[in-house]
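# With the input below, show me the fold.
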Amino acid sequence: MWVEWRPVVGMLAFDLITAVMTALVKKALERGLDRLVLVTLRQLVATIFLAPIAYFKERSTRPKLTLEILAYLFFSAVFGAALSQYTFFYGLQYTTATFAITFINLSPVLTFLIAVVLRMEPLKVKSMAGAAKITGMLMSLAGLLLLSLYKGVPLTHQAATALSPAAHNTDGGGDRSWMLGTMALLANCMFFSFWLLLQTRLTKKYPAIYSSTALMFFISTLQGGVLTVAVERRASLWMLTDKLEIITVLYAGIIGSGAGYLIMTWCVEKKGPVFTAAFIPIIQIMVATIDFFFLHEQIYLGSVLGSVLMVLGLYLVLWGKKRDEASPVSCATNKQLDEEADYVQAVKL
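Residues are numbered from 1 along each chain as shown. Sure, this is the predicted structure:
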């Protein structure tokens, strides 16, 4: 009995890890932690944590590194770690934790759309599975538009001292800042989707997943460090004196990237990609709870309606892909793309 429930417990643990990390990052950014510094230090901590595991686990199976593999790893670090995480943290700072985490549901749908355009994913329009995919994709895009263009009235009543999401920033009006945050989160999804497609080739050429992830973290640390030094020359930015900032960096690197990645990989291996992807929307419920009770953020009508559309669209796409997996013609292609989409969720979050 317990053996059958372990993947469920594992995915719920992963969802909780992601929700807590999102809340910690939100508070740390509000207290002044620089986004580039956070990305760089998180990648450094994740590298230190994952490198020994990768070394001993894949010591006898790790392929030889070539210039081509290093080029793949370099761009993998650019899209999957540096740009992806920076845009997510940027969007998180200008919106709310619940709103930002909603966009995770868009990543599988956007990846599917790009894969169809690049002919990496089959789409049979006249089949039931194909119709479900198209309907789910349209529902998710409708949810995205609703989230982006309609904020709506607050559904909760926080104390008068609680700040609205837009009030946490000083870069302009609330509506403009909310739109900037939304565009950053959309860019985050696009970077992440392109990274998934890049990973499809990288995993074929370099199947040592632990080692490639550790190397990606290391390269991203160098990229983030160089960019941070070029943009911000103040040495004080690197001095983490606030206890919350230190906890956030350590938690995001060790638990968020390291442990979260291992849990996700194990669940994909045991139950498959569709099972793991189905647990992603639960993160929203956990984040919304933390958002309301601990961060004292308002929950808006537009966020709720858009989230419902995106979650329903995600499940329709997953259902369509599950139906396709039963077909011998497209089984291999769909399973490979799904596995790539799911195991990297922990690396991103």
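# Low-confidence bits of the stretch 201-349 of the chain, can you list those?
Residue ranges of the stretch 201-349 of the chain with pLDDT under 70: 268-269, 272-278, 295, 325-349.
# now with 90?
Applying pLDDT under 90 to the stretch 201-349 of the chain flags residues 201-210, 212-213, 216-217, 224-242, 256-349.
# Give me the distance between the residue nearest to residue 155 when sequence neighbours are not counted and residue 291.
In space, and not counting its chain neighbours, residue 155 is closest to residue 299: 5.1 Å by C-beta to C-beta, 6 or more residues apart in numbering. To be clear about C-beta, it is placed using only N, CA and C from the backbone, and glycine gets the same treatment. Going from residue 299 to residue 291 by C-beta to C-beta, to the nearest Å gives 7 Å.
# shared neighbours of these two, anything?
Applying C-beta atoms under 8 Å, 6 or more residues apart in numbering, one finds that residue 299 and residue 291 are jointly contacted by 96, 98.
# which residues of the stretch 151-300 of the chain fall in helices?
174-205, 209-231, 243-250, 260-271, 273-277, 282-293 (DSSP state H, counting those that start in this stretch).
# Taking helix 209-231 as reference, get the angle to the first one.
Okay, so that is helix 174-205. On the basis of axes from the mean of the first three to the mean of the last three C-alpha atoms, to 10 degrees, helix 174-205 is oriented at 140 degrees to helix 209-231.
# May I see the buried residues of helix 174-205?
Buried residues in helix 174-205, defined by neighbour count with 16 or more other C-beta atoms under 10 Å: 177-182, 184-200, 202-203.
# burial count for residue 242?
By other C-beta atoms under 10 Å, 13 other residues sit near residue 242.
# With neighbour numbers in mind, choose between residue 299 and residue 291.
A direct count of neighbours by other C-beta under 10 Å for residue 299 and residue 291 places residue 291 higher, at 26 against 18.
# Low-confidence stretches in the stretch 51-200 of the chain?
By pLDDT under 90, the weakly predicted segments of the stretch 51-200 of the chain are 58-64, 76, 79-86, 88-182, 185-186, 188-200.
# just to revisit the earlier point, tell me the contacts of the residue nearest to residue 155?
Per C-beta under 8 Å, 6+ apart, neighbours of residue 299: 96, 98, 154, 155, 156, 288, 291, 292.
# between the helices of the stretch 151-300 of the chain, which one is nearest to residue 123?
Closest to residue 123 of these is helix 174-205 (C-beta to C-beta; 15.7 Å).
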